[in-house]
Every structure is written in structure tokens, then in C-alpha cells.
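Colleague: After the sequence you'll find the predicted model.
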Amino acid sequence: MASKTGARKNTIFYIAILAGCFVVGVGGGLTPIGKRIDNLGYDVLTNYASAISAASLKTSAVVVAIDEETLRKQHGMRNVRQILAGALDQLKEAGPRVVAIDVLLADPTEEADDARLGASLLATRKLILPCELIGNKWEDPLPLFKGSAPLGHVHLDDPENSVDGVNRQIPLEKKGGGNRRWALSLEAFSAFKGQPIVESTSDANLQIGSTVIPEPLEMSGRPMWVRYLPEGTIPKISVLEIANNRERIHDSVVFLGITALSAAHDRLTNSYDVSVPGVEVHAQAFETMELGHFMMRAHSVYVLIICVAFTIAAGLIFVFVPGWWAYGVDVLLLAAAFWIPLQAFRQDIVFPFFAPISVAWLASASAATFQYFFVRRQLRTSESEKSRYQQAIHWVAHEMRTPLTAIQGSSEIMTRYKLPEEKGKQLSEMINSESKRLARMIQTFLDVERLADGQIELKKESFAAGDVVEACLKRVRPIAERKSIQIFLDTPVKAELTGDRELMEYAFYNLLTNAVKYSPAETEIHVGSELLNGELRLSVRDQGIGMDAQELKSIFKKFYRTKKAEASGEVGTGIGLSIVEQIVTHHHGRMEVASEPGKGSCFTIIVSASNPKVPPAAENPADSHNAETFNR
Ligand code: ADP
């Protein structure tokens, strides 16, 4: 029963530890550090995959850049409208399929400049113009520029609030001022395909011709993961170089914007850790759509299920897989924790790294540690149980030898010799009493063991302490006689005890036999008793070898014997006093010992008691006056 409760406690503790690992792992994935690690994993994978796919790629997008050189040669930013107008005019010659402009045209400048740009814009085929939401108001291009060109917003803020300042997603839609605008890159893609942007009615997917942009989960703003292609994959042509690159520009989608470090205020760091101007981010987003490389974030329910599965698997591995095999199998589990995000990525799913990997590691480490210590503790317990058992057997064998020898000897004499009737009766009485003693001893031993184990409850019978003392004195008399030791009952024992008579008798008898064992011949033993405030103090005082203070501290420990006791030649196991103490404690009592080396010891049992129910009929005058001698 006790061990069952222990096992249940262990199991609950084990489950609690594993649950803790799960919570820490999953919770950690929500912290900035966890998110950074997830991002790091994503960046490594995306860079690796994009680098491979970009190797032989001819992109449809081209960035036409107002770079440092352009600004230097064409009078700086104040002349930007003229620069744009010039660029558009030149682009017309090259014949791009779409031109998307990433320079806001919301404020009027020099009238002549604006008029010239307006004319160039109107003359441009398939033009996409930028707009920006400031507060709740859209900053659209001046009506002079706008014409019928569709507007695309130029916001690049990562809708998931990137914790590391790296841009990985852009919002495909932006709502404000009663209007919803698609991203510049999406509008450019729609114009490139010659297909409208259609919102699916059955789900939240977007459809442009045959291209389906999947619905982003749990997020507003329709974030789209930009699969950044390595630097240089999308050609970047300076405005000054348009004429030399007509062929490359022809039929492409031109993203025209500022790349000069001094003037481009919308630079971002991409997942290659490279700073890129906004116009290039639009071009990259366009290429993601064109290549159809759409990523989806794994649904958090699946992430949780995987984490739970890892936790349970780690827990079970260290319970059911034996020995070192458990570590081997666990390595597979840890490998799976890395493999799942990789495999998911191949299916264009962004699966977090931190939560499953940390859950798998934490759960594995905790399960392994727990099982290691648990198994060790079990081993220790079983070893100590084994040694206790061996010692108990040793004790039983030793204690039984005396009555058995007496029984054996007596029966042998009876069979070998023809004895007078009187002697025969004496011997058979002795056999009878010794075998009863043997049975009692076995019972006592078993009772104390079971009591200690909590298997049985103490008996609650009422008995006279005087009877116990009398019975013990009678039994110890022959042993004391051999050493000519006199035993005196200094005061008659008048008290009623409640508990187990057999056990109390065992305890008191043990004190008496010890007193005899550890006293030299021709000494005295005094038994005293006192009933005070509901407590009986029953003492056995001898004039024996005694013990020093240090030895006194250990005498109730199992199997402890003093050096003097060992040297005395008296046989002993050092278990008797520990049983005595257990018995007294089970009776809610306590032991007191006073001793002085070479002078003697006094052992006192203190237990709660009451006045005797029936007063002794006739008191022995010897009892009441001085002493009763049992060893005559
Ligand atoms: P055992 O007598 O079998 O050795 P016990 O548990 O009864 O075991 O006693 C433990 C030890 O306490 C003894 O070995 C002895 O050293 C010491 N001891 C017990 N009773 C006495 C006593 N009356 N006088 C001196 N030493 C004692």
C-alpha cells in the first residue's frame, strides 16, 4: 500500500516535470528570444533554398534606380520629378510590360516640373502609382499625375512586428480612410498578368489569374512572406543606364524608385541581413508572387500537438526503453524535432524551431535525469531492504538457537535414557515452555516488523504492568542465576497499561536480559516503578559495564554494539534495543537511559498508564517493604 502511494507520487511528479518542460518550451517560443531563434532558422532555410532556386533564374522584375550617381549628375533630390520624367521617357523606348513607381507624388512642386512629369506619366503604359496611409488618410498622387493608373500602397512594415528589425513579410492589404489598397507589388503583379485581384468567396485566398496567394492564418493585413532572392538576382539598373539596358527592361516589370543611401528613407534589412531600399523590397515581393513561392505559418494547434507529442514521447522513452537504448531512441526524437521544421519548410510551411526543439530537449533531459535518480533510489531501497532482511534472518537464527538447543537437548535425554517420572515431567514441561517462548519470539519479531512497515496496527488491550514485570522476572531468573546476579523489585508495579501486552513484555524482558548480559557476576539488578501524572516509569538499573555519552547516542540504532559489549564475550546482534524503542514509541512512550562506564546503567521505559483497576488482593510484605529477590 505504502509503496503504491509512493509510486503514484513519483508518477505524478514525473508528469508534472514533463508538463513544466512543455510549458517552458512553448512559453519560451513566445518570448523575443524564442522568436529570434525561429526567425534565424527561417532565414537560414530561406536563404539556402532561395540561393538554389535563384542560380538559373531570370526574373521578370527589374529595379530602375535613382542612385547616388543619378542624383549627383542630375541636381539631387530637389530635381527628382525631372529625373522621374526623364526616366519614364527613356523606359518608354525600352518597352517594359509594367512600370511601378515607388516615389510618393502627393505634394506639388515647381509647376513646370510637375507638368512635365504628368505628361510622362500619362504616356506610360500599365503604370502603378504609390500611395501611403498617414494616420487615417491616404496620401495619393496629385490628380495631375494620377490619371487612371491603379494605386498600390508602399507600406513595408512587418505585420508580425519583427523582433529583430528584419523584414520577412509585407502587408498585401492596407485599410484606412474608408479605403482598402493592395500593395504596390501586388498591383504590379496583377498588371503583369493582366488579371484582376480576386478575393475568393469560399476562403480568404487571393487569386490573380492562375496564381493563388493563400490566406494568412490568424493575421490581419494579409501578410505575405517575401522569399528574398540573393543580392543581384533582380537586376538593378541606374536611371543613367536605361538606354544601355533596353533589352533587359523590355517586357519586364520595372520598379522605379530611389536607391541612393542619402535619399532612400525606406531602407530595410532583409533575411540575408542586407540593407535594401524599399523599391527593391517591392520587386522581391513581386518575384515571390511570380515564382509562386508562398509560405504559410504553421497553425499553432499543430505546433502545440507536435510539442505535446514530443513531451509524451520523451517521457515514455525513459520509462519503457531499457538502459542505454533509451538514449539512442531519444536521439531520434531530438533529430525529429529538427527534422519537422525542415520538412515543413519544404512544404512551404513556416514551422517554429524554438518550441518543438526546446520541448524535446527539456523533456528528454528531465526525463533522463528523473529516471536516472529514480532508478538509483529504487536500487538503494532494494539494497537496504535486502540487507535489513539478511540482518533480520541473522537475528532470528541467533535468538532462536537458545530455546531450540534446550528443546533439542531435553528431547534427546528423554529418548536416550530411561528417566524417573519426576525428571521426565520436568523435561517435557521445559520443552513445552521453551517451544511456547520460541513461538512468542517469532510472533514478536513479526509484529514489530509489521508495525514498522505500517502493515498492522497496535493492539489496544488493557493489562496490568505488574503482570508483565512478574512474567519477565520469572523468565530471566534462571539466566541471572548462572551469574549469581540478584534481581530486586524495589517497588511493586501498580499500573494499568493500554496496548500490546506481548510487545511490552518483549521490551521489558530485553532490558532485563541486557542488564544480566552486561553485568559482572555477583552484582545486583534493581527494578523500579513509579506512577506519576498518568505516566509509568519502569526502570532496570544494573551495576554492569556501563556506557559513555558517545556510545549512549547510538545504542538504539539497529545492529549497534559498544566495543565493551563486543569484548565482553556476550552474544548479541545489537537489534534488541532498537525493537524496544520501536515498541515503546508505538505505545506513545519514550525511553530514558543513564549510564556511566564501569558503574552501571539504568534504562527507563516511560509510558502513559492509569491506576490498576483491581487492586492486588494481598500484598507481599517483602514487596511493600524492601525488595523481592528472584534469583534464589
Ligand atoms: P545486543 O544486546 O544484542 O548487542 P541490544 O540492542 O539489546 O543488542 O543492545 C545494543 C547495545 O547496547 C549492546 O550491544 C550494548 O553495547 C549496549 N547495552 C545495552 N544494554 C546495556 C546495559 N545494560 N549495559 C551496558 N550496555 C548495554
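Modeller: All right, it came through fine.
Colleague: residues near Pro32, how many?
Modeller: Pro32 has 9 neighbours, counted by other Cβ atoms under 10 Å. For every residue, glycine as well, the C-beta is placed using N, CA and C.
Colleague: next one: phi and psi at it?
Modeller: Backbone torsions for Pro32, taken as degrees, to the nearest 10, come to phi -60, psi -40.
Colleague: if I look at it, how far off is Asp38?
Modeller: 11 Å (Cβ to Cβ, to the nearest Å).
Colleague: ditto for Leu57
Modeller: According to Cβ to Cβ, Leu57 stands 27 Å off from Asp38.
Colleague: Look at the two and report which has more neighbours.
Modeller: Counted by other Cβ under 10 Å, Leu57 and Asp38 do not tie: Asp38 has more neighbours, with 20 against 15.
Colleague: pLDDT wise, what is that one at?
Modeller: Per-residue confidence (pLDDT) for Asp38: 92.
Colleague: who's in contact with it?
Modeller: 29, 352-354 (Cβ atoms under 8 Å, 6 or more residues apart in numbering).
Colleague: Mind telling me what element it is part of?
Modeller: In the assignment (DSSP states H and E), Asp38 maps to helix 32-54.
Colleague: and if you look at Val493?
Modeller: Counting by DSSP H and E, Val493 is part of no helix or strand.
Colleague: Need phi/psi at it.
Modeller: According to degrees, to the nearest 10, Val493 has phi -90, psi 110.
Colleague: mind checking how far it is from Ser484?
Modeller: Taking Cβ to Cβ, one finds Val493 at 25 Å from Ser484.
Colleague: More neighbours: which of these two?
Modeller: Using other Cβ under 10 Å as the criterion, Val493 and Ser484 rank with Val493 on top: 25 against 11.
Colleague: Would you agree the more buried one is in contact with Val469?
Modeller: Yes. In this structure, Val493 is within contact of Val469 by Cβ atoms under 8 Å, at 4.8 Å.
Colleague: Could you tell me which residues touch both of the two?
Modeller: 529, 538.
Colleague: hey, which helix is longest across this structure?
Modeller: The single longest helix within the chain, with elements called by DSSP state H, is helix 354-416.
Colleague: just checking, what packs against that helix?
Modeller: helix 2-30, helix 32-54, helix 300-320, helix 323-346, helix 421-453 (3 or more Cβ pairs under 8 Å, 6 or more residues apart in numbering; DSSP states H and E).
Colleague: TSV please, covering the ones you listed and showing distance to Phe603.
Modeller: As requested, these are exported to TSV (distance: least, Cβ to Cβ, whole Å):
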stretch	distance to Phe603
helix 2-30	31
helix 32-54	66
helix 300-320	50
helix 323-346	51
helix 421-453	18
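Colleague: Ramachandran coordinates for Arg537?
Modeller: Dihedral angles for Arg537 - degrees, to the nearest 10 - are phi -110, psi 110.
Colleague: what do you get for the one 4 residues further on?
Modeller: When quoted as degrees, to the nearest 10, the phi and psi of Arg541 stand at phi -110, psi 130.
Colleague: Setting aside sequence neighbours, what's the nearest residue to it?
Modeller: Residue nearest to Arg541 in three dimensions, not counting chain neighbours: Cys602, with 4.1 Å by Cβ to Cβ, 6 or more residues apart in numbering.
Colleague: Spell out the secondary structure type for that neighbour.
Modeller: Recorded secondary structure, Cys602: strand (DSSP: H, G, I helix; E, B strand; the rest coil).
Colleague: ok, how many other residues are close to it?
Modeller: Neighbours of Cys602 using other Cβ under 10 Å come to 18.
Colleague: Ser462 too?
Modeller: Ser462, neighbours per other Cβ under 10 Å, totals 11.
Colleague: SS state for it?
Modeller: strand.
Colleague: what's the closest non-adjacent residue to it?
Modeller: Excluding the flanking residues, the one nearest Ser462 by Cβ to Cβ, 6+ apart is Thr498, at 5.3 Å.
Colleague: Am I right that the one you found is in a helix?
Modeller: No. Assessed with three-state DSSP, Thr498 is strand; it does not lie in a helix.
Colleague: Report the contact partners of it.
Modeller: The contact partners of Thr498, by Cβ under 8 Å, 6+ apart, come to 460-462, 608.
Colleague: Now list the buried members of the residues you listed.
Modeller: Among the contacts of Thr498, none is buried by neighbour count (16 or more other Cβ atoms under 10 Å).
Colleague: need those residues in TSV with distance to the ligand and pLDDT, can you?
Modeller: Conversion of the contacts of Thr498 to TSV gives the following (distance: Cβ to the nearest ligand atom, whole Å; pLDDT from 0 to 100):
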residue	distance to the ligand	pLDDT
Lys460	27	89
Glu461	25	93
Ser462	28	94
Ser608	24	95
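Colleague: Mind picking the two most distant members of those?
Modeller: Across these, the longest distance by Cβ to Cβ is 14.8 Å; it joins Glu461 and Ser608.
Colleague: residues in contact with the closest residue to Gln74 other than its chain neighbours?
Modeller: When the adjacent residues along the chain are set aside, Gln74 lies closest to Ile83, with 5.0 Å between them (Cβ to Cβ, 6+ apart). Counting by Cβ under 8 Å, 6+ apart, Ile83 makes contact with 66, 70-71, 74, 239.
Colleague: Please apply the same query to Leu18.
Modeller: Neighbours of Leu18 in contact, by Cβ under 8 Å, 6+ apart: 311-312, 314-315, 363, 366-367.
Colleague: which of those residues are buried?
Modeller: 311, 314-315, 363, 366-367.
Colleague: Let me have those residues in TSV, extended by distance to the ligand.
Modeller: Output for the buried ones among the contacts of Leu18, formatted as TSV (distance: Cβ to the nearest ligand atom, whole Å):
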residue	distance to the ligand
Thr311	51
Ala314	49
Gly315	46
Ala363	49
Ser366	44
Ala367	44
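Colleague: any idea of the pLDDT on the residue sitting furthest away from the middle of the chain?
Modeller: Distance from the centre of the chain peaks at Pro420, with 80.3 Å (Cα atoms, centre = their mean). With respect to pLDDT, Pro420 has a value of 87.
Colleague: for Ser262, same thing?
Modeller: Reading off the confidence values, Ser262 has pLDDT 81.
Colleague: Doesn't it belong to a strand?
Modeller: No. Assessed with three-state DSSP, Ser262 is coil; it does not lie in a strand.
Colleague: I'd like to check which residues are in contact with it.
Modeller: Contacts of Ser262 by Cβ under 8 Å, 6+ apart are 68, 71.
Colleague: swap in Gly328?
Modeller: Applying Cβ under 8 Å, 6+ apart, no residues contact Gly328.
Colleague: Please determine how far it is located from Ala314.
Modeller: From Gly328 to Ala314 the distance is 13 Å (Cβ to Cβ).
Colleague: cool, and Ser410?
Modeller: Relative to Ala314, and taking Cβ to Cβ, Ser410 is found at 68 Å.
Colleague: Give me the pLDDT for the nearest residue to Arg501 once chain neighbours are set aside.
Modeller: Leaving out its chain neighbours, the residue that sits closest to Arg501 by Cβ to Cβ, 6+ apart is Phe463, at 4.4 Å. On pLDDT, Phe463 comes in at 95.
Colleague: Quick check: bridge partners of Phe463?
Modeller: Leu497 (DSSP bridges).
Colleague: Tell me the spacing between the residue nearest to Ser462 and Val448.
Modeller: Between Thr498 and Val448 the distance, using Cβ to Cβ, works out to 18 Å.
Colleague: ok, now Pro230?
Modeller: Separation of Pro230 from Val448 (Cβ to Cβ): 82 Å.
Colleague: more crowded one of those two?
Modeller: Shown here are Pro230 and Val448; by other Cβ under 10 Å, Val448 has more neighbours (23 against 15).
Colleague: Please verify my assumption that the more buried one contacts Glu581.
Modeller: No. At 10.5 Å, Val448 does not count as touching Glu581 under the criterion of Cβ under 8 Å.
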